[in-house]
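Enquirer: sequence and predicted model, in that order:
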Amino acid sequence: MNEDLRICFIGDSFVQGIGDPEYRGWVGRVLTATGPGITAFNLGIRRNTSADVLRRCWPEVEPRLRPDTDNRLVISFGSNDAVVENGDVRVGRARCLDNLATLLTESRERAIHPLVIGPPPVVDAGAEHLRRTAELADDMADLCDAREVPFVATTRQLADDPVWTREAAAGDGAHPGSGGYQRLAELILESRWHAWIARPTL
């Protein structure tokens, strides 16, 4: 790991940490568990889809990085893509995967090391939304595996997690409190995070 490690976290409201009374979300908890020496930027925006993230990624990320540093990008989206509005999903699965593939390609063109966090479930969105999100997450995992990019699965794990589901149901139906974000942080930390921090794939 370079002494000057910079990580941009880009995505939706789960990245932003909406609902956490401690205002840390999973990003803050993962960073706390990782240790000092990281310059981090939370670029999560509520209701963002993969198309929104693709559109704003580089105008927001590039000014925060330096050519002589260890630059990383954590990408997380998909839950909003699978939401039905006006009779159709906001972003179809094929387009979402194309957006992710584009971001991974453009990351490597810029010598930025990516990691992808799968889309968390939205508790009050129903079984069909969970099915769509889980299928999308599986395809995202396959894409990342083919690109040798680490992927952290969260959808089914959190859908079955009593802390996540209880806190989300007690809140706005989508976002958990501090306990749910702690569970998401634990999934990330127990998966590919530390290996990626120590030695990213590019």
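Expert: Arrived safely, thanks for sending. The model shown is predicted, which means the values in this text are computed figures rather than measured ones. Numbers count the residues shown, from 1 in each chain.
Enquirer: how many neighbours does residue 145 have?
Expert: By the measure other C-beta atoms under 10 Å, the count of residues near residue 145 is 11. Backbone N, C-alpha and C define where each C-beta goes, glycine included.
Enquirer: so it touches residue 151, yeah?
Expert: Yes: Residue 145 is within contact range of residue 151, at 6.9 Å (criterion: C-beta atoms under 8 Å).
Enquirer: from the chain's centroid, how far away is the host helix or strand of residue 104?
Expert: Taking DSSP states H and E as the criterion, residue 104 maps to helix 93-109. Centroid separation between helix 93-109 and its chain, computed with C-alpha atoms, centre = their mean, to the nearest Å, is 14 Å.
Enquirer: for it, which outside residues touch it?
Expert: Outside helix 93-109, the residues within contact range by C-beta atoms under 8 Å, 6 or more residues apart in numbering are 49-51, 53-54, 57-58, 73, 75, 77-78, 81, 91, 113-114, 116, 132, 135-136, 139-140, 143-144, 147, 149, 202.
Enquirer: so which of those belong to helices?
Expert: Residues from those lying in helices, with DSSP state H as the criterion: 50-51, 53-54, 57-58, 132, 135-136, 139-140, 143-144, 147.
Enquirer: need these in TSV with pLDDT, can you?
Expert: Listed next are the ones in helices among the contacts of helix 93-109 as TSV, based on pLDDT from 0 to 100:
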residue	pLDDT
50	98
51	98
53	98
54	98
57	98
58	98
132	98
135	98
136	98
139	98
140	98
143	98
144	98
147	97
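Enquirer: so among these, which ones count as buried?
Expert: For the ones in helices among the contacts of helix 93-109, a burial check counting by 16 or more other C-beta atoms under 10 Å picks out 50, 51, 53, 54, 57, 132, 136, 139, 140, 143, 144, 147.
Enquirer: next, residue 18: phi, psi?
Expert: Note on residue 18: backbone dihedrals following degrees, to the nearest 10 are phi -60, psi 140.
Enquirer: same thing with residue 166?
Expert: Note on residue 166: its backbone torsions stand at phi -70, psi -50 [degrees, to the nearest 10].
Enquirer: that one - how many residues pack around it?
Expert: Neighbour tally, residue 166, other C-beta under 10 Å: 15.
Enquirer: quick test: name the residue nearest the centre of the chain.
Expert: residue 76 (2.1 Å; C-alpha atoms, centre = their mean).
Enquirer: any idea what that residue is bridged to?
Expert: Beta-bridge partners recorded for residue 76 (DSSP bridges): residue 11.
Enquirer: my guess is it contacts residue 137, does it?
Expert: No: counting by C-beta under 8 Å, residue 137 is not a contact partner of residue 76; they are 10.8 Å apart.
Enquirer: find the residues that touch each one of these two.
Expert: 118, 119.
Enquirer: great, nothing more from me.
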